[in-house]
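Peer 1: starting from these lines, generate the structure:
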Amino acid sequence: MYFKLAVGNIKKSYKDYTIYFLTLILAVCIFYSFNSMDSQKALIEMKSSGKNYIAKLMELMSGVSVFVSIILGSLILYANNFLIKKRKKELGIYMTLGMGKRKISRILVTETFIVGAISLIAGVILGIGASQGLSTFALKLFDVGMDEYKFAVSTSAIGKTILYFGIMFLLVMIFNVFVISKYKIIDLLTAGRKNENIKFKNPFIYLLSFILCVVSLGFAYKSILKIGVDLRDPMFKPALVISIIGTVLFFFSLSGVILYIVNKNKNVYFKGLNIFVVKQINSKVNTNFISMSVICLMLFITILVLSTGISLKKDNEAGLEKETPFDASIIVYADSEKDNLEDVLDKIDFKRSKNEKYVACNKYLLGVKVCDLLSIEDKEYDDGEGTFVKISDYNKMLKLRGEKEISLNKDEVLLMSNYNVLVKPVNERLKSSNKVNIKGKEYLVKNDKVIEENLETYSMPNIFLTIVINDEFLGDYNKISVSTLNVMYLDENREENNKKYEEIQDKYIKGEYKDLNIPRVGAYSKDDRYANSKSGTTAVLFIGMYLGLVFLITSMAVLALQQLSEASDSIERYKALRRIGANKKMIDKTIFTQTLIYFSLPVILALIHSIIGVTLVNKEISKFNEIDIRFSALITALIFIVVYAGYFYTTYTGYKNIVKNSI
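Peer 2: Coordinates of the predicted model:
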């Protein structure tokens with residue numbers, strides 16, 4: 001009996017369940033897809049071959065899935081609350097006919113179980129298809145050939161999806177039982193007649209809030225762009241807090257400001273049913289300004305992560321070629337003139353091998369400021385010092401890499417830098433003048449453009465400005481800032497060779513060299529750098545995509561449910577419109593307009609936030625690598641448009657059906 005009644009209710013209200021079903025299916029699909037990557041055979045083989053970054057990625061995805069399940073669980077409860085609210089009158093009639101709260105709860109529990117089971121099955125089926133695309137994307141990111149791809153279904157991901165969503169639906173069932181136990185018949189039967197209260201009616205409060213919003217957001221944008229991503233700056237965190245406050249003030253003041261502006265323009269205010277639309281928007285935004293602020297911030301995070309993620313990974317890995325010119329490097333950061341590369345290598349018991357070729361290089365500090373050397377007036381370079389390298393050391397490194405050596409006259413130098421913010425002005429400077437003044441003597445810069453490469457294999461671009469100069473200039477100068485042993489392998493046994501340098505780095509990090517009285521030491525291999533970079537950027541990209549998609553469907557679902565709730569609350573108002581002569585076309589136009597405005601408001605502010613955020617990310621990343629977000633931005637736009645259009649159309653259609661069936 002209860003099962004038949006529950007099925008009947010679902011069939012009768014399937015249009016009301018459209019948003020609920022759509023959200024649940026998408027949530028299950030995304031959850032399964034991102035948790036099923038460990039079923040791909042090629043990735044399993046990479047994991048078993050000792051590439052622990054695959055295991056770390058899976059662990060991160062599992063941890064993030066817990067957070068995602070909390071977000072989705074909250075969304076499901078929110079959506080369920082909307083359905084219960086819409087059916088209050090129906091439940092009140094059940095009670096009037098003599099059905100007890102326990103029996104009503106059993107019906108709702110059965111409905112929840114049926115909806116959950118259908119959503120899980122449909123979501124997993126859709127997820128199995130989507131996960132194949134995600135797997136091929138993952139293989140491409142890890143440079144695995146497509147011939148290694150195998151169609152796979154992850155039983156562990158299915159089990160995890162059923163477990164997590166089963167818990168969510170169980171909580172929904174408990175919530176429904178609790179809610180029904182608190183309701184009274186009179187509250188259920190008169191629910192549709194209750195209006196939400198507007199807390200403030202004085203337009204001055206809204207106008208003042210809007211002015212504060214503009215001032216706070218303007219200050220926050222200006223401060224963040226000036227500070228950059230500098231967590232040590234005392235104004236960084238306050239600027240973020242102020243931007244959040246500004247966002248809340250925007251949505252709090254918006255309804256009053258819209259009403260005030262439109263009310264001043266009588267031609268707009270009294271045209272068609274605009275007065276009705278404005279009142280509807282005013283009422284809903286006023287009561288939902290907190291949730292709209294949260295939605296706006298979630299959309300901002302989604303746009304920022306998705307629009308920069310793919311390009312950030314691509315451009316970061318493209319820069320590795322310049323950052324790792326040698327198979328391995330040992331770097332000694334000298335603390336005093338007594339620190340010597342060979343002594344340090346002896347102390348750490350470094351064993352030279354016949355299967356490797358070695359070249360040593362020293363960098364010297366002479367107290368030459370970059371701004372004085374190049375006559376560049378920029379406060380950012382005030383404290384920057386140039387380092388010097390002997391041409392003989394530089395030629396040894398070129399020879400080690402199989403490149404042609406360079407000869408310098410006594411009055412010639414080479415300029416090197418891979419700090420992008422400096423590269424551009426230096427190249428512009430070289431176009432107008434190829435002369436530099438060093439210690440009172442003028443030198444010619446032999447290269448037309450700055451040489452953009454590291455002088456050792458390192459974890460990032462690490463040359464601010466280096467001057468390659470004749471050996472005679474440095475003479476017996478012994479203030480060495482950095483000494484490096486660069487290595488090229490002569491055999492194919494790269495994994496075994498890499499271990500030696502990884503062990504040096506691990507021992508230094510663990511503090512095993514503390515008693516040897518040596519300066520700071522770093523050891524890096526090219527293969528390890530590529531692996532770490534690939535694993536790090538891939539993990540960030542996948543987690544960003546995971547959270548971004550979840551935030552996107554959550555935001556759209558909440559906006560949709562709020563609008564559908566508005567439809568249920570406004571039935572009496574639409575009946576009044578019909579009584580005064582409004583036809584179906586006019587009513588449909590008001591529904592379309594207010595749905596479009598309601599969906600657009602948080603998106604517009606999120607886009608403005610994103611412009612600032614993307615500008616900030618580009619500014620920071622471009623210091624080391626050029627980043628081109630056009631491809632990522634296009635993919636983000638396509639995903640956003642598809643999800644946005646899907647939820648908007650479904651909401652608009654659902655809103656029309658609710659009104660149509662009630663008036």
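Peer 1: and after the helix or strand of the chain with the lowest mean pLDDT, which helix or strand comes next?
Peer 2: Lowest by mean pLDDT, DSSP states H and E among the helices and strands of the chain is helix 41-48, with a mean of 54. Using DSSP states H and E, the helix or strand that follows helix 41-48 towards the C-terminus is helix 52-86.
Peer 1: got the buried residues for that next one?
Peer 2: For helix 52-86, burial by neighbour count (16 or more other CB atoms under 10 Å) applies to 53-54, 57-58, 61, 64-65, 68-69, 71-73, 75-76, 78-86. Backbone N, C-alpha and C define where each C-beta goes, glycine included.
Peer 1: so I518: helix, strand or coil?
Peer 2: Of the three states, I518 takes coil according to DSSP: H, G, I helix; E, B strand; the rest coil.
Peer 1: please read the previous query as pertaining to K399.
Peer 2: What three-state DSSP gives for K399 is helix.
Peer 1: for the nearest residue to it once chain neighbours are set aside, grab phi and psi.
Peer 2: Leaving out its chain neighbours, the residue that sits closest to K399 by CB to CB, 6 or more residues apart in numbering is E405, at 6.1 Å. Note on E405: its backbone torsions stand at phi -70, psi 160 [degrees, to the nearest 10].
Peer 1: what residue ranges in the stretch 551-663 of the chain score low on pLDDT?
Peer 2: The stretch 551-663 of the chain contains residues with pLDDT under 70 at 621-630, 663.
Peer 1: run the last query once more with 50
Peer 2: By pLDDT under 50, the stretch 551-663 of the chain has no low-scoring segment.
Peer 1: repeat that for the chain.
Peer 2: Short version for the chain, where the test is pLDDT under 50: 48-50, 195-200.
Peer 1: how is the chain carved up into domains?
Peer 2: Following automatic domain parsing, one finds the domains of the chain at 1-194, 200-265, 325-525.
Peer 1: for the ones you listed, which one sits closest to V540?
Peer 2: Nearest to V540 among the domains of the chain is domain 1-194; the distance by CB to CB comes to 9.4 Å.
Peer 1: hey, where'd the strands end up in the chain?
Peer 2: 328-333, 356-369, 385-390, 412-416, 435-438, 441-445, 466-469, 480-489, 520-525 (DSSP state E).
Peer 1: what's the closest of the ones you listed to A157?
Peer 2: Comparing the strands of the chain against A157 with CB to CB, the closest turns out to be strand 520-525 (34.3 Å).
Peer 1: flag every buried residue along that closest one.
Peer 2: Neighbour counts over strand 520-525 (16+ other CB under 10 Å) mark 521-525 as buried.
Peer 1: let me know the closest of those to M298.
Peer 2: Minimum distance to M298 across the buried residues of strand 520-525 is 38.3 Å, recorded for Y524 (CB to CB).
Peer 1: nearest residue to the closest one in space, ignoring adjacent ones along the chain?
Peer 2: Y524 sits nearest to T457 (CB to CB, 6+ apart), 5.0 Å away.
Peer 1: the one you found: neighbour count?
Peer 2: 27 (other CB atoms under 10 Å).
Peer 1: please verify my assumption that Y394 contacts I467.
Peer 2: No - using CB atoms under 8 Å, Y394 is not in contact with I467, being 10.5 Å away.
Peer 1: against S119, how distant is F21?
Peer 2: Using CB to CB, to the nearest Å, F21 is found at 6 Å from S119.
Peer 1: more neighbours: these two, which one.
Peer 2: Each of F21 and S119 has its neighbours counted (other CB under 10 Å); S119 has more, 24 against 19.
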